[in-house]
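A.B. asks: any chance you can model this:
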Amino acid sequence: MIVSTVGKAAAAKILDGLVSGGVVDATDFNLDTARVSPKLAATGRSDQALPPLELVGRQFVLLRLVNGIPFYNTRLTITVRRDGRVESVFLFGPSLLSVKTSEGESPTTPGPALHRAVSDEVIAARHAKISPPDRMHETTAIMYFMPLDQQKGVVEPLRIYTYAARHTDGASTSIARRQTVGYSLREASEPPVLATEEAPNATGDVRQ
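C.D. replies: Numbering: from 1, shown residues only. The predicted structure follows:
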């Protein structure tokens with residue numbers, strides 16, 4: 001746990017610097033909600049078939065928050081080495097046209113309000129029906145999301161699922177790269193939105 005403490009302190013210092021420098025607002029990112037993953041590197045001789053992996057640092061991925069709701073497309077990624085040195089900082093994704101007041105964040109252009117009409121239970125049943133049956137490491141949350149093929153547009157919260165599909169063919173098992181799919185909270189008949197494409201060896205299509 002010493003590595004986590006050191007890494008979080010270094011990431012917090014970077015975030016504070018971005019805020020004080022005016023790069024981001026203090027309410028844009030919350031380190032306490034970051035996804036933290038280990039960074040591993042192979043150790044040993046290069047002629048080893050499967051060299052052991054060693055923990056060399058941690059990566060903190062922070063999603064942009066809009067009134068507390070994450071925005072899937074805009075994120076801050078901070079990679080910290082095991083000794084506490086910062087290896088890299090990336091801030092990428094679309095910018096939001098919004099204004100912030102004491103009451104929260106609002107669009108710069110007035111528009112229709114979102115009225116939720118689809119329950120989580122309905123969305124979960126729909127997701128289970130059209131997604132691959134053997135899913136690993138599945139997570140779900142309500143997030144803002146912009147389709148990856150769009151340069152600009154109006155975004156709204158969706159129920160987002162991420163998972164990795166596992167496929168077995170006899171004695172062989174393959175795991176596709178993680179999928180991200182979003183479902184409308186307004187209309188149950190709206191097609192799901194894919195954030196990633198299926199891996200070439202995967203089967204099934206969540207877009208049907």
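
A.B. asks: all contacts plus neighbour counts: C-alpha atoms, from now on.
C.D. replies: OK.

A.B. asks: which pLDDT value belongs to A165?
C.D. replies: A165 is assigned 81 on the pLDDT scale.

A.B. asks: can I assume it is in contact with H137?
C.D. replies: No: at 9.0 Å, A165 does not count as touching H137 under the criterion of CA atoms under 8 Å.

A.B. asks: what stretches of this protein score poorly on pLDDT?
C.D. replies: The chain contains residues with pLDDT under 70 at 1-4, 44-50, 196-208.

A.B. asks: ok, then the element right after the longest helix that it contains?
C.D. replies: Determined from DSSP state H, the single longest helix within the chain is helix 2-20. Using DSSP states H and E, the next helix or strand after helix 2-20 towards the C-terminus is strand 35-42.

A.B. asks: buried stuff in the helix or strand following that following strand?
C.D. replies: Scanning forward in sequence from strand 35-42 by DSSP H and E, the next helix or strand is strand 53-66. Within strand 53-66, the residues that count as buried by 16 or more other CA atoms under 10 Å are G57, R58, Q59, F60, V61, L62, L63, R64, L65, V66.

A.B. asks: ok, the residues you listed vs S98, which is closest?
C.D. replies: V66 (9.6 Å; CA to CA).

A.B. asks: circling back: looking at A165 and H137, which is more packed in?
C.D. replies: A165 (24 against 9; other CA atoms under 10 Å).
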